[in-house]
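Novice: pasting a predicted model and its sequence here:
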Amino acid sequence: MPKVLCLAGSLRAAASSRAVVETICRKLSAEAVFSRFDIGSLPHYNADLDPLPDTVVALKQSIAGADGLIIVTPEYNYSVPGVLKNAIDWASRPGYASVFKGKPVFIASVSGGALGGVRAQAHLKNILGGVLANTFVWQEVVVTHANTKVRDGHLADEATETFLFEAVRAFLASLGKG
């Protein structure tokens, strides 16, 4: 079974991105070994910090040990949240030889509005391209009006789940072919 690290791009306990991650981990647990990393535990990126903080080392080890990553991001001001970019910045060192190089990454986004975070996805794909990650090519998985589709910390919309799980299963299948 593939090992997949999941990152939710928001710090809020009741965040829609966290609910989507939890739904994937719970409902697809028979198809992969999922783990999570709390990106809120990381300090602000600072290349002068030497040795690296323990949380940064743990993030890099988690990414290195995973067969692939799932990132679910909200859209903040037409882009990705700073806390998600901060995590990517930490893990992106050393440049062009980081734990992201060649790492398969599945992206989904959430938004309270009708666009579902498509602008955040575009920015995230550009950022991941810069760190040489291998972004999974599929239809964009966007959860529009996410606040109406989450209940008790999980996604609760059958049509959205069906679309999401089809994409995640395709991603998981691709991990076995690498």
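Specialist: Alright, I've got the coordinates. Numbers count the residues shown, from 1 in each chain.
Novice: can you tell me how far the residue most central in space within the chain sits from D50?
Specialist: Nearest residue to the geometric centre of the chain (Cα atoms, centre = their mean): I71, 0.9 Å. Computed as Cβ to Cβ, to the nearest Å, the I71 to D50 distance reads 27 Å. Every residue, glycine included, has its C-beta placed from N, CA and C.
Novice: so the residue nearest to Y78 when sequence neighbours are not counted, which state does it fall into?
Specialist: Leaving out its chain neighbours, the residue that sits closest to Y78 by Cβ to Cβ, 6 or more residues apart in numbering is R119, at 4.6 Å. Secondary structure, DSSP: H, G, I helix; E, B strand; the rest coil: R119 is helix.
Novice: which non-adjacent residue is nearest A114?
Specialist: Closest to A114 by Cβ to Cβ, 6+ apart is T144, at 5.5 Å.
Novice: for the one you found, give its distance to G117.
Specialist: Separation of T144 from G117 (Cβ to Cβ) stands at 8 Å.
Novice: quick one: pLDDT of the nearest residue to G176 once chain neighbours are set aside?
Specialist: For G176, ignoring the flanking residues on the chain, the nearest one in space by Cβ to Cβ, 6+ apart is P2 at 6.6 Å. Confidence at P2, expressed as pLDDT, is 97.
Novice: list the contacts of H154.
Specialist: With contact set as Cβ atoms under 8 Å, 6 or more residues apart in numbering, H154 has these partners: 19, 22-23, 26.
Novice: for it, name its beta-bridge partners.
Specialist: Counting by DSSP bridges, H154 is bridged to R151.
Novice: residues making contact with stretch 12-21?
Specialist: Contact with stretch 12-21 is made by 6-10, 36, 70, 72-74, 108-110, 112, 143, 146-147, 149-150, 153-155, 164, as judged by Cβ under 8 Å, 6+ apart.
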